[in-house]
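Q: Generate coordinates for the sequence data below:
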Amino acid sequence: MSLFETDKSADRIPVSVLTGFLGSGKTTLLNALLRDPALADTAVIVNEFGEIGLDHLLMESVDGEMTVMASGCICCTIRSDLESTLRDLLARARAGSIPQFRRVVVETTGLADPAPIVQMLLNNPLVSGFFRLDAVITTVDAVNGGGQLDTQDEALKQAAMADRLILTKTDLADSAATEALATRLASINPTAERIRAVSGAVAASRLFGAGWYDPDGKTPDVRRWLRDEALAVEHAHHHGDHDHHDVNRHDGGIVAFAMTYEEPLDWDLVNTWLAGLREIHGEKLLRVKGILNLADEPDPVVIHGVQHVFHSPARLPSWPDGDRRSRIVFITRDLDEGTVRAFWDQAAAAA
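A: Model (predicted):
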């Protein structure tokens, strides 16, 4: 019998976190999304209604904190906390007091750290049984983004944790500066898809579906989730039985790298290694994503963590392709690749 449950993500409601530093274009992007028919069955959670232009979109006010719009979106403000807001939305939809929804978008404040939201979605049993993390979407201002990354810790962390990086205000910025910022963002977070907004807008189809399942929630989409194209570096060199893909970058202590193993791994060893990393360096693990080929497991197992909190390992129903290697992607801060590998070697020596 497998140690891991088959993943049920396809049955849970995807939640996307829209973040970005002050003035980076989150509200403009959200307003455009609220007009997109593709989001008609979406619940949008904001901090304040007043920050987005809803007047021309209003259809029915459910109460002081919730509105059903002409587009079909449900828009609400955060109540006591996000957990209670999500549970309240689900209860209302099941009771029929608001329309059913199949997606949630959460807009954070410009100074927000997205990590607590991601952690709650990964491992809060009162939420994760019904909702799943889809994408962290981060807006970056092409005019001011470079300076914000230099001086604002929140802006740097928002960019490092993203699945989608949206470059905004490119029409107002110098083209050379825009290209330099795009290159810098690729260095900070090589696994994120980088998209340039047009008049502040991006097609909904490009923003969602960043989990290990495709947007329809039917088939494994691990290649996209891990962004293999960002990791398949030609000049990989070897360390023992695994390939080292040299995608290390440094910006404010941010490092991104991948560890790849050709042979099936022992889960006890992997678990000991990750537990040690979380205990000693948990705050420095901004994102960890992986697909594992484990001994005695015929199907792949996925791992996903943010800092101290990891999603329960889940078994996928099949491999996405013929590549059966274990691949683990790290985005860390003030934690270099050598230290992570040293923890692996220590765990292996003690096994």
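
Q: Tell me where the protein has helices.
A: 26-34, 82-95, 115-123, 125-128, 145-151, 153-160, 175-188, 222-226, 228-231, 267-281, 337-350 (DSSP state H).

Q: Give the buried residues for stretch 258-272.
A: Buried residues in stretch 258-272, defined by neighbour count with 16 or more other Cβ atoms under 10 Å: 258-261, 265, 267, 269-270, 272. Backbone N, C-alpha and C define where each C-beta goes, glycine included.

Q: Would you mind writing the CA trace of that stretch as CSV?
A: Extracted in CSV, the C-alpha atoms of stretch 258-272 (Å, rounded to 0.1, in the frame of the first residue of the first chain):
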residue,chain,number,x,y,z
ALA,A,258,17.4,22.6,-9.1
MET,A,259,18.5,19.2,-7.9
THR,A,260,18.0,16.3,-10.2
TYR,A,261,18.4,12.6,-9.4
GLU,A,262,18.5,9.8,-12.0
GLU,A,263,17.9,6.9,-9.7
PRO,A,264,14.8,6.3,-7.5
LEU,A,265,15.0,7.9,-4.1
ASP,A,266,14.2,6.5,-0.7
TRP,A,267,11.4,8.5,0.9
ASP,A,268,12.7,8.2,4.4
LEU,A,269,16.0,9.9,3.2
VAL,A,270,14.1,12.7,1.4
ASN,A,271,11.8,13.3,4.4
THR,A,272,14.8,13.4,6.8
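
Q: Give me the distance from it to the chain's centre.
A: 23 Å (Cα atoms, centre = their mean, to the nearest Å).

Q: now do stretch 119-130
A: How far stretch 119-130 lies from its chain's middle: 14 Å, per Cα atoms, centre = their mean.

Q: export the buried residues of stretch 258-272 to TSV and tack on distance to Ala155 and pLDDT?
A: Putting the buried residues of stretch 258-272 into TSV (distance: Cβ to Cβ, whole Å; pLDDT from 0 to 100) gives the following:
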residue	distance to Ala155	pLDDT
Ala258	25	89
Met259	28	91
Thr260	31	91
Tyr261	34	94
Leu265	36	97
Trp267	37	96
Leu269	37	96
Val270	33	96
Thr272	35	96
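
Q: Of those residues, which is the nearest to Ala43?
A: Of all the buried residues of stretch 258-272, Ala258 has the smallest distance to Ala43: 34.4 Å, by Cβ to Cβ.
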